[in-house]
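[1] The following comprises the amino acid sequence and a computationally predicted model.
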Amino acid sequence: MARVEIVEVGPRDGLQNTDTLVDTATKVELIERMLDAGVRRIEATSFVHPGRVPQMADAEDVMAAVPRDRGASYIGLVLNDRGLDRALDARVDEVNVVVVATETFSQRNQGAGVDDMLASWERIAGRARDAGLRTSVTISASFGCPFEGKVDPARIVDLAARVAAGGPDEIALADTIGVAAPPQVTEVVTRVAEQVGDIPLRCHFHNTRNTGFANVVAAVAAGVAALDASVGGIGGCPFAPAATGNIATEDLIYLLDRMGVTHGVALDAACSTAEWIGERLGLTVPGLLSRAGPFPGAA
């Protein structure tokens, strides 16, 4: 049986695009609930300017309150040296750097060009490694850009090669605006894997156009080691027009279970957490399993 690691991104990517500002205690409880469900890697927060992403203004407070005795690895998103300084002081276990695949989106999302972000990654890589932290790089808009349209797979392969030169522990390919279809996923994952060798790959899908879970099947078949998901399917990039949520953790669990892929996360606990976070946000979450339930009587 295949095994895929589920990385819970709800506390960061899930909450960064919500109209409701969630307090620190609720964020920490969300993290604790997903730990109870069996998740062991959680993107807990991002160390970005609070003026651009006010939902993440309490990053240090969140990291000060998360449980440290659960065998969890907490990921902090950083974009520059100042963000890394904050992440180190907050005692994250991993740092994730985002490099956007297109110039226009990079400028809109991060206020810097693609080459600037690659240079930032190189600086962060060395400092994080010296501090003993695990590192990953997400290549955002790997399958399409809201401003420049289609992205040539060859560009993603080239960016992955440049990222790999910095020695990340993992590279993530993100369908940030939810435009990918399975054949694209198969091609890009396969070509990037051939380029970067032994560096594990992770995929990050959004279900904006209802293809997120079909893309999961393609990614698993292509051999990815990990998949991002957000409990309830909440979230989306605040700098992408008409952004909608990530694939829902509970829906992903059901799919992987039915595919015979092991992951170690409990469906019932994820479903109850999806309902719980929806109540706190005052909305019905996009995820379906918390409403439909599992296949009755299915093993």
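    Alright, I've got the coordinates.

[2] Just the buried positions in stretch 27-36, please.
    Neighbour-count burial for stretch 27-36, counted by 16 or more other C-beta atoms under 10 Å, picks out K27, V28, E29, L30, I31, E32, R33, M34, L35. Quick note: C-beta positions are derived from backbone N, CA and C, even for glycine.

[3] just stretch 130-147 next, same as before
    For stretch 130-147, a neighbour-count test (16+ other C-beta under 10 Å) marks 133-146 as buried.

[4] now stretch 58-66
    D58, A59, E60, V62, M63, V66.

[5] repeat for stretch 221-229
    For stretch 221-229, the neighbour count (16+ other C-beta under 10 Å) marks A222, V224, A226, L227, D228, A229 as buried.

[6] A strand includes the second one, no?
    So the one you mean is V224. No: the assignment for V224, made by DSSP: H, G, I helix; E, B strand; the rest coil, is coil rather than a strand.

[7] list the contacts for it?
    Counting by C-beta atoms under 8 Å, 6 or more residues apart in numbering, V224 makes contact with V4, V189, L201, R202, C203.

[8] can you give me the strands in the protein?
    5-8, 41-46, 73-78, 94-100, 134-140, 170-175, 201-205, 226-229 (DSSP state E).

[9] just checking, what packs against the third one?
    Using 3 or more C-beta pairs under 8 Å, 6 or more residues apart in numbering; DSSP states H and E, the elements in contact with strand 73-78 are strand 41-46, helix 59-65, helix 81-90, strand 94-100.

[10] and of the ones you listed, who's closest to G167?
    Proximity to G167 (C-beta to C-beta) singles out strand 94-100 among the helices and strands packed on strand 73-78, at 12.4 Å.

[11] which other residues reach that closest one?
    Outside strand 94-100, the residues that touch it by C-beta under 8 Å, 6+ apart are 41, 43, 73-79, 84, 87, 106, 109-110, 114, 117-118, 120-121, 124-125, 128, 133-141, 159, 163, 169, 172.
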